[in-house]
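1. this is a predicted model, with the sequence first.
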Amino acid sequence: MAFKRREAPTVEAVDLNTISPKDTETRIIQGVKKYATNEGNWSRADANTPFLGSIIGMGIESSNLADVTMSIERQFLTRKTNRVPVNGGSEFRLEDGELGKLRILDGQDATAATPGLSVKMLMDLGHMPKDEGYLSGVVSYAYIVAVGDGYRMNDGLKKAVEKVQRLSGAEREEAFMNLKTLIAKAREYVSLLGDIKALAENRRKTYENDRQTVDNLRQELSMIGEKLKGATASGDSGQVATLRSEETSIRSRLKMGEQRYKISEQVVRESAGRKAVEEAKVREISTILSQTITDAQRVA
Amino acid sequence: MNRKRVVVTGLGVVAPNGVGLAAFREALKAGKSGITHIEELKRLNFAAQIGGTPPIGEEEALAVIPESELHKLSEAMIYAVMASLECAKSAGFPVDVAAGLKDGAVDWGAGVVIGCGIGGMDTIFEQMVSVIREAPMADEGRGMVEMGTNIVPQVMGSSVSVAVGRFLGAGGQTSTNSSACNTGTEAIFEGYKHLQLGYADAMYVGGAEGSHYAIWAGFDAMRDVLCSRYNDAPEKGSQPLGAGACGFVPSSGAGVLRLETLESAQKRGAKILCELVAAYCNSGGQRNGGTMTFPNQEGVVRCIQRVLQDSGIDPARISLINGHLTSTTADPREVESWLKALGLLPEKFPLIQSTKSMIGHSLGAAGAIESVAVIDQLVNGYVHPSINCDEVHPNIRKLGVADSIPHQLLERRLDCVIKASFGFGDVNGCLLFKRWDGK
């Protein structure tokens, strides 16, 4: 008999208006078990455990993020099922209607990096009632990224120390120089994490760049629109075809740019303040990273 | 160019009559068949309703592969990974799967060539077809979403090798060959060349095949290719060399060898199992009697002779032939080819056996699983019986070599063993393994 897989247990979808945020979070964590390659982290996962990454995350690979969203869609029912077309195209938004299947539209899950942020996404999109009590314990996307960067830096620093200790001769010299650079960067990062204003300012730079990109693309799109009007009026079909192709390309880049911009805007907003849960996470990684810096300095 | 010598330093196997080398050896020695009746084939009105599948399910697989990885693997990938993990462990490179795969070191000196004949059909039928059928009813742009994101790695040609590469952290060339029933043997040839030329220190080579009915369906559609006369006595169905041979019995599994340069093996003090002294693949060009499904005998003879020539080994030193011998009408012709290629009188003809008599024909995995059997016999000094051929095919009897077929287990020190595989497309492969005597 051929290789037989166990039948996956059927999970009955639940109305998001009848389930608590905590139970929603638990269901989301259970639902991603089969994608989690770091089983230890998965079994300890809570609202603020990132899906991605193995250091503090569940080890889910980025290619599986679509599966995470699909798993959420399969487990819940919503009243936001009425499709209202927008921009006259195939895009639509969801408004209240009959109870039915949950649909997460393109880009809506862009910052749902943890089970808690997935619950927040469901609340923000109106699929379930807002619960400020629950949300106060959810680390924002901005701080998930900031804390995650700290852990990655800590891991990199430890590996650099190991490398210096393992190598000899010219290779050791090179590893040694690299370690010194990493120590300097890690020190700067601890200091950045400790200063809310500086962190927000740092994030603002990315935001400004993304905004500039979007502004430029909007301007380009407007210019192409003008040129198209002219070419259409003059009946130059070859030119019209070329311009339409350019317009499509710009629209696509603009869509991606707007998504990045939306995320960086959110990051700037969230970086401006710090909840108690975020403060605790920042303090934790700052302590760990500072200790690793001290250890690394001994080697350096 | 000074070519490097190549030795075997590890083995792993997932076969219908035994999972793991120890169980496989025990089954080979006992002449135990792994062929069973398959209810699914009966339900689908196959003419041939028997086959060989390794006796494992999800529970056994989960004992060595984490759940988070298992669901990303097709059946052939699972067998390939299980055999590779055993192979790596036996060669002195145990993989701590529980510790996670991502943080382990990359073995830049090791590559992977695991072949697959058809593969991925279970994924296509169980995970893709139903979604594609429902797709017209899905939301615009979301017709395929339900498949999930792990489909492509399960159906791409290189699936078995990249799965093994992921588990072993192989940093050398990682690719999959395919040449029908010659696939497993060809993979070993590919790894051999790679090492001879110094492109790697070690290569994990072999073949893997799943057992989904869709892999076997096309063969069932062909007249007299599969054995359909033993549906009620499955273990008797595979009769290579026998008078009652009436078609091959399809099967599945995986065999993996760690080939290594002699230099690398000696440097790390590895236990050397045997030497692969020569290997070659060719084609009969589908001329002079050769067709898409039948070999040009001249191609077969040339392939074997090239291996003998490259090895510099006198045919009289060959202790055992492990033939392709599938239990079809082509068996007598294959024996005739061996006689021609070796140029020996019938009374000097070496022992000849068919591992397929116990495990059926595992297509892309066949050459690899059978090579594992060959090496185990070389290392442990035995010759497994060729079962189900007590009455030898009359045309083989006419060739005067009937006495060369071992019907019982023989305890015997072997010197050189030659193995061949032949496949649709008129392709041939041959390998010559020599007992390792420390030099």
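-> Arrived safely. Numbers count the residues shown, from 1 in each chain, chains lettered A, B, ... in the order given.

2. list the contacts of A:K180.
-> A:A300 (CB atoms under 8 Å, 6 or more residues apart in numbering or on different chains). Backbone N, C-alpha and C define where each C-beta goes, glycine included.

3. which element is it on?
-> A:K180 belongs to helix A:169-194 when assigned by DSSP states H and E.

4. now do that helix, average pLDDT.
-> The predicted model assigns helix A:169-194 a mean pLDDT of 95.

5. next: stretch B:5-25.
-> Mean predicted lDDT for stretch B:5-25 stands at 98.

6. quick one: list the elements packing against the helix or strand containing A:Q291.
-> If you go by DSSP H and E, A:Q291 is part of helix A:276-299. Judged by 3 or more CB pairs under 8 Å, 6 or more residues apart in numbering or on different chains; DSSP states H and E, the packing partners of helix A:276-299 are helix A:141-166, helix A:169-194.

7. now those helices in CSV, with distance to B:L262?
-> Output for those, formatted as CSV (distance: least, CB to CB, whole Å):
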stretch, distance to B:L262
helix A:141-166, 28
helix A:169-194, 29
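
8. show me what contacts A:G57?
-> Residues near A:G57 by CB under 8 Å, 6+ apart: A:N38, A:N41, A:T49, A:P50, A:F51, A:G148.

9. sorry, slip of the keys, the one I care about is B:F433.
-> B:8, B:274-277, B:371, B:374-375, B:378, B:416-419.

10. what's the answer for A:L179, then?
-> Taking CB under 8 Å, 6+ apart, one finds A:L157, A:A160, A:V161, A:K163, A:V164, A:A296, A:V299, A:A300 in contact with A:L179.

11. the first one is in contact with A:T181, isn't it?
-> Think A:L157. No - with contact defined as CB atoms under 8 Å, A:L157 does not reach A:T181; the gap is 10.5 Å.

12. got the contact list for A:N82?
-> By CB under 8 Å, 6+ apart, A:N82 lies in contact with A:L94, A:E95, A:D96, A:G97, A:E98.

13. returning to what we had before: nearest to B:T293 among the helices and strands packed on helix A:276-299 would be which one?
-> Nearest to B:T293 among these is helix A:141-166 (54.9 Å), distances taken as CB to CB.

14. so which of the contacts of A:N82 wins on neighbours?
-> Scoring these on neighbours with other CB atoms under 10 Å in any protein chain shown, the highest-scoring entry is A:L94 at 21 neighbours.

15. the contacts of B:F433: which two are farthest apart?
-> Maximum distance among the contacts of B:F433 (CB to CB): 14.9 Å, for B:V8 and B:I418.

16. what is the burial count for the closest residue to B:Y230 other than its chain neighbours?
-> By the measure of CB to CB, 6 or more residues apart in numbering or on different chains, the closest residue to B:Y230 outside its immediate chain neighbours is B:G237, 3.7 Å from it. With neighbours defined by other CB under 10 Å, the count for B:G237 comes to 32.

17. show me what from chain B comes close to chain A.
-> Where chain B comes near chain A, counting by CB under 8 Å from any CB of the partner chain, the residues are B:36, B:38-40, B:53-54, B:56-58, B:61, B:66-69, B:71, B:75, B:78-79, B:100-103, B:122, B:139-141, B:145-146, B:148-150, B:210-213, B:252.

18. among these, name the ones in strands.
-> The strands, defined by DSSP state E, take in B:T36 from the residues of chain B next to chain A.

19. ok, of the residues of chain B next to chain A, which come out buried?
-> Applying 16 or more other CB atoms under 10 Å in any protein chain shown to the residues of chain B next to chain A, the neighbour count classes B:36, B:38, B:53-54, B:56, B:58, B:61, B:66-69, B:71, B:75, B:78-79, B:100-101, B:122, B:145-146, B:148-150, B:210-213, B:252 as buried.

20. residue numbers of chain A in contact with chain B?
-> A:1-6, A:33-39, A:54, A:59, A:63-64, A:66-67, A:70, A:90, A:103.

21. quick one, what contacts the closest residue to B:N150 other than its chain neighbours?
-> Counting by CB to CB, 6+ apart, B:N150 lies nearest to B:K72, which is 4.5 Å off, once chain neighbours are set aside. The neighbourhood of B:K72, defined by CB under 8 Å, 6+ apart, consists of B:N150, B:P153, B:Q154.

22. one more: B:A217?
-> B:A217 makes contacts with B:L44, B:F46, as judged by CB under 8 Å, 6+ apart.

23. could you point out which element follows the helix or strand encompassing it?
-> Element membership for B:A217, per DSSP H and E: helix B:213-221. Using DSSP H and E, the helix or strand that directly follows helix B:213-221 along the chain is strand B:253-261.

24. chain center to that next one, what's the gap?
-> Computed by CA atoms, centre = their mean, to the nearest Å, the chain-centroid distance of strand B:253-261 equals 10 Å.

25. tell me the mean pLDDT over it?
-> Average pLDDT, strand B:253-261: 98.

26. in the following helix or strand past it, which residues are buried?
-> Sequence-wise, the next helix or strand beyond strand B:253-261 is helix B:262-267, with elements assigned using DSSP H and E. For helix B:262-267, the neighbour count (16+ other CB under 10 Å) marks B:L262, B:S264, B:A265 as buried.

27. distance of the first one from chain A?
-> It stands for B:L262. Look at B:L262 and chain A: by CB to the nearest CB, to the nearest Å, they are 28 Å apart.

28. was I right to think that residue contacts B:R3?
-> No - B:L262 lies out of contact with B:R3 (CB under 8 Å); the separation is 11.0 Å.

29. need the buried ones from the residues of chain A next to chain B selected in PyMOL.
-> To isolate the buried members of the residues of chain A next to chain B in PyMOL, using 16+ other CB under 10 Å:
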select buried, chain A and resi 2+3+34+35+36+37+38+39+54+59+64+67+70+103
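
30. what about the residues of chain A next to chain B, which are in helices?
-> Judged by DSSP state H, the subset of the residues of chain A next to chain B located in helices is A:E39, A:A66, A:D67, A:M70.

31. now do the contacts for the third one.
-> The reference is to A:D67. A:V32, A:Y35, B:G148, B:T149, B:N150.

32. quick check, nearest of these to B:A180?
-> Of those, the one sitting nearest to B:A180 (CB to CB) turns out to be B:N150, at 27.1 Å.

33. got the CA positions of the helix or strand bottoming out on mean pLDDT in chain B in PDB?
-> For chain B, using mean pLDDT, DSSP states H and E, the weakest element among its helices and strands is helix B:67-70, scoring a mean of 90. The C-alpha trace of helix B:67-70 is given here as PDB (Å, rounded to 0.1, in the frame of the first residue of the first chain):
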ATOM      1  CA  GLU B  67       6.300  17.300  10.700                       C
ATOM      2  CA  SER B  68       7.200  20.800   9.400                       C
ATOM      3  CA  GLU B  69       9.300  19.200   6.700                       C
ATOM      4  CA  LEU B  70       7.300  16.100   6.000                       C
END
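
34. so B:L432 lies in a strand, does it not?
-> Yes - with DSSP: H, G, I helix; E, B strand; the rest coil as the criterion, B:L432 is located in a strand.

35. tell me where the model's unsure across the chain.
-> Here I'm looking at chain A. A:1-2 (pLDDT under 70).

36. that was the other one, I meant chain B.
-> Residue ranges of chain B with pLDDT under 70: B:1, B:100.
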